[in-house]
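# Fold the following for me, if possible:
(2 chains)
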Amino acid sequence: MSDLGRTITLFLLANTLYQLINNGTISLYINPRFIPLTKISFVLVVIMFVLALLTLIRKVIKRQIKFTIQGIPVIVLITALSPLLFSPQVLGSSMIGQKGLFTFGGYNRIDQVQGETQQKTKQNSTSDNEKKQPETEKKKATDDYIKLSDNNFIVQFAKIQRYKTEFIGKEIELEGFIAHHPLMDKDKYMIARYTVVCCAADAQVLGFTVNGRAPFPNDTWVKVNGKIAMSKEDVYLEVTNINQINMPENPYLYAPEGLPEI
Amino acid sequence: MQWIRQISPWSIITLLSGSMLAILLPKYSELGVKFSNWLVEHFTTVHIIFFSIVIEALPFVLIGVIGSFLLEIFVSPELIRKLLPKSLLPAVVVSGLLGVIFPFCECGLVPIIRKLIEKGVPAHLAVVMLLTIPIVNPIVGLATSYAFYSQPEIVAFRLGGAFVIAIIIGLVTLAIWGKKSILIKGKSNHCACGCSHSNTGLGVGRISGAINHCLDEFFSIMKYLIIGALMAAIMQVYIPREWLNLLGGNSEVSVGVMMIAAFFLSICSGADAFVASTFVNTFTAGALVTFLVYGPMIDLKNLLMLRAVFKTRFVLYLVTIVSITVFSYGILINQLGVIR
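Okay, here's the model as predicted:
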């Protein structure tokens, strides 16, 4: 393998990691909780680069090196450069159908694309949960006005999905982007957010269904005020006010460490 | 009518073509813009998913490679042989747990196993080491726990399952092969990175050789990781989720599909969990565990190394028994529903 090629590749890989960590775009790829691991990667790649450089210098001194393009690790080189060549984008509404709807460990699962059988199982388990824990439910939904922020979005969303009936009629405020799930009726849309556990590859969608035509195109970020309502199928949002906003600096929600009590 | 005769057929064709272009070009250019937008959007989506898998797996690949480099310098096959107890069962169990203190990657493992057999380690113990060291080790455990953050039980089923499967296969190997030789005579030490290993001495030459091997191994593992991550990203973006649900939702089919994927993707055991975790909501838990257990034991890259060192009959036996056992394990997990 080309000593020069692998030395350059390691240098570029270290540079890319440094850039991603330094300008914060690393959080578009991974949960910020794992950034220390990327910092370890950076240090280890630098060590590898120094080893490669020393090997290269030793071969140059011994005149054992041939400067050819053969053996350059092209595939690693392109990968190392790719985040700098193509500015990282945020996952948008086009992936809504491909990504699973929110599932959260032992919490109530609402993956609508898993098929009818699973739907029935989930509905049964939901009703079982509701039957088993009526006392807990009452304790959970005490606030009449729920404001979803980046910090509480996942837990509040899980609560609403789990203790559905207790949240009916409560006012809610949230931010998200407009999306249409392919399996949804055309006269419905979603106010959605992506949640990331480890990295963008495992991103899942959290979304409130809204009845009616979307007032803005897909991927438009909006601030919504409304009321939680319940149809035969599931919880949905009755929108009272919707305004376009800029995409937040960090558009993803990051799963908290461990499973919080809900 | 004279002027009509003066018009050549070519000018009519040119005029008609021009008119058609004038009418259709805006439509086509609109389509062109839409197509390029679609391409850019999908490409960037593939890139986000692809690069996030690579960057998440990278620290574990690097720790594995550097750890392997240190072991290459400081641990000799003689030392490993001395650690093995004399009686059968303790020896099998210790062989299955050697990865905890010697987390060699699967690339550098085959030549070491060959050395161990040459130095008198029985074939059945060598098989147990070959199957467990790339899985039952702290680096792989840590990487799997990060990748399956909300499903820690996957770690236990991966490491525990690999340990039990390897011990079963080790005992079956003892019963079938006994003291028969499983090595090809007169072959040099081959490795996935294409180098030869010399595990003797601690001179400058050996350290320099180990550095070279470490660098080659890093690029070799990265190549497989990148291909695997790209395939996983393309599948996430382009293969309709309903199709994946259809394949991944079936207890038996999902296990088979993931075994085939693990074989062809040949991803290093320190990084494969990050690829597997992208299929959490589409494939059964048994299929995911199968992917994580089968890949490090038998994959395309590994098979080439095994073929270079072991007799063909033994390689065929090993591939068959590992495939059957891991497949059964995956189905058992699904049937019992032990993982949420």
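# Could you measure from A:Q89 over to B:T45?
7 Å (Cβ to Cβ, to the nearest Å). The way it works is simple: take the backbone N, C-alpha and C, and place the C-beta from them, glycine included.
# cool, A:L174 as well?
For A:L174, the distance to B:T45 equals 24 Å [Cβ to Cβ].
# Nearest the geometric middle of chain B, what residue?
Central residue of chain B (Cα atoms, centre = their mean): B:I267, 2.3 Å from the mean position.
# what residue ranges in the stretch 101-250 of chain B are flagged as low confidence?
The model of the stretch 101-250 of chain B has pLDDT under 70 over residues B:107-108, B:186-204.
# So which bits of it are right by chain A?
Residues of the stretch 101-250 of chain B lying close to chain A (Cβ under 8 Å from any Cβ of the partner chain) are B:146-147, B:149-151, B:208, B:211-212, B:214-216, B:218-219, B:222-223, B:226-227, B:232-233, B:236-237, B:240-242, B:245, B:249.
# can you pull out the helices in the stretch 201-340 of chain B?
Taking DSSP state H, counting those that start in this stretch as the criterion, the stretch 201-340 of chain B carries its helices at B:204-238, B:241-249, B:251-265, B:272-276, B:285-297, B:300-309, B:312-336.
# Using TSV, please lay out the ones you listed together with mean neighbour count.
Putting the helices of the stretch 201-340 of chain B into TSV (neighbours: other Cβ atoms under 10 Å in any protein chain shown) gives the following:
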stretch	mean neighbour count
helix B:204-238	20
helix B:241-249	17
helix B:251-265	21
helix B:272-276	30
helix B:285-297	28
helix B:300-309	18
helix B:312-336	17
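# which one of the ones you listed lies closest to B:V127?
Ranking the helices of the stretch 201-340 of chain B by distance to B:V127, with Cβ to Cβ as the measure, places helix B:312-336 first at 7.1 Å.
# Remind me what the closest one packs against, helices and strands.
Other elements packing on helix B:312-336 under the criterion 3 or more Cβ pairs under 8 Å, 6 or more residues apart in numbering or on different chains; DSSP states H and E are helix B:153-177, helix B:251-265, helix B:285-297, helix B:300-309.
# 10 Å instead, please
Judged by 3 or more Cβ pairs under 10 Å, 6 or more residues apart in numbering or on different chains; DSSP states H and E, helix B:312-336 is in contact with helix B:123-132, helix B:153-177, helix B:251-265, helix B:285-297, helix B:300-309.
# and the angle for the last one with helix B:312-336?
Comparing the axes of helix B:300-309 and helix B:312-336 via axes from the mean of the first three to the mean of the last three Cα atoms, to 10 degrees yields an angle of 150 degrees.
# Kindly report the same for the longest one.
Here the directions of helix B:153-177 and helix B:312-336 differ by 140 degrees (the same axes, to 10 degrees).
# Name the residues of stretch B:168-175 that are buried.
Going by neighbour count (16 or more other Cβ atoms under 10 Å in any protein chain shown), the buried part of stretch B:168-175 is B:I168, B:I169, B:G170, B:L171, B:T173, B:L174.
# Convert it to PDB, retaining C-alpha atoms only.
Extracted as PDB, the C-alpha positions of stretch B:168-175 are listed here (Å, rounded to 0.1, in the frame of the first residue of the first chain):
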ATOM      1  CA  ILE B 168     -20.600 -26.600  21.700                       C
ATOM      2  CA  ILE B 169     -18.700 -26.500  18.300                       C
ATOM      3  CA  GLY B 170     -15.400 -27.100  20.100                       C
ATOM      4  CA  LEU B 171     -16.700 -30.200  21.800                       C
ATOM      5  CA  VAL B 172     -18.200 -31.500  18.500                       C
ATOM      6  CA  THR B 173     -14.900 -30.800  16.800                       C
ATOM      7  CA  LEU B 174     -13.100 -32.900  19.400                       C
ATOM      8  CA  ALA B 175     -15.600 -35.700  18.800                       C
END
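# Give the full set of residues in contact with residue 227.
Since no chain was named, I'll use chain A. For A:K227, the contacting residues are A:F167, A:I168, A:G169, A:K170, A:E171, A:I172, A:Y236, A:L237, A:E238, A:V239, A:T240, by Cβ atoms under 10 Å, 6 or more residues apart in numbering or on different chains.
# That was the other one, I meant chain B.
Contacts of B:I227 (Cβ under 10 Å, 6+ apart): A:I75, B:F264, B:L265, B:S266, B:I267.
# Closest to A:N15 out of these?
A:I75 (17.7 Å).
# which SSE is that closest one in?
Following DSSP states H and E, one finds A:I75 within helix A:74-85.
# Pull the residues that contact that helix.
A:5-6, A:8-17, A:19-20, A:25-26, A:28-29, A:45, A:73, A:88, B:47-48, B:50-51, B:54-55, B:218-227, B:229-230.
# and B:L116, how many neighbours?
B:L116: 21 surrounding residues under other Cβ atoms under 10 Å in any protein chain shown.
# Tell me the spacing between it and B:A287.
33 Å.
# Next: A:Q98.
Taken as Cβ to Cβ, the span from A:Q98 to B:A287 is 19 Å.
# could you give me the average pLDDT of the strand or helix carrying B:V40?
Assigned by DSSP H and E, B:V40 belongs to helix B:9-74. Helix B:9-74 shows a mean pLDDT of 74.
# Show me what secondary structure element comes after it.
According to DSSP H and E, the helix or strand after helix B:9-74 is helix B:77-83.
# Could you pull out the buried residues of that following helix?
B:P77, B:I80.
# what comes into contact with that helix?
The contact list for helix B:77-83 (Cβ under 10 Å, 6+ apart) reads B:71, B:76, B:91, B:94-95, B:98, B:101-102, B:104, B:111-121, B:125, B:129, B:133, B:199-200.
# Nearest to A:L253 among the helices of the stretch 201-340 of chain B would be which one?
Once the helices of the stretch 201-340 of chain B are compared by Cβ to Cβ, helix B:204-238 is nearest, at 19.0 Å.
# Show the contacting residues for the closest residue in space to B:L62 that isn't next to it in sequence.
Taking Cβ to Cβ, 6 or more residues apart in numbering or on different chains, and ignoring the residues beside it in sequence, B:L62 has A:L44 as its nearest neighbour in space, at 4.0 Å. Counting by Cβ under 10 Å, 6+ apart, A:L44 makes contact with A:A14, A:L17, B:L58, B:P59, B:V61, B:L62, B:I63, B:V65, B:I66, B:F218.
# Tally up the residues packed near A:Q64, please.
A:Q64 has 9 nearby residues by other Cβ under 10 Å.
# tell me the SS of it?
Classification of A:Q64 using DSSP: H, G, I helix; E, B strand; the rest coil returns coil.
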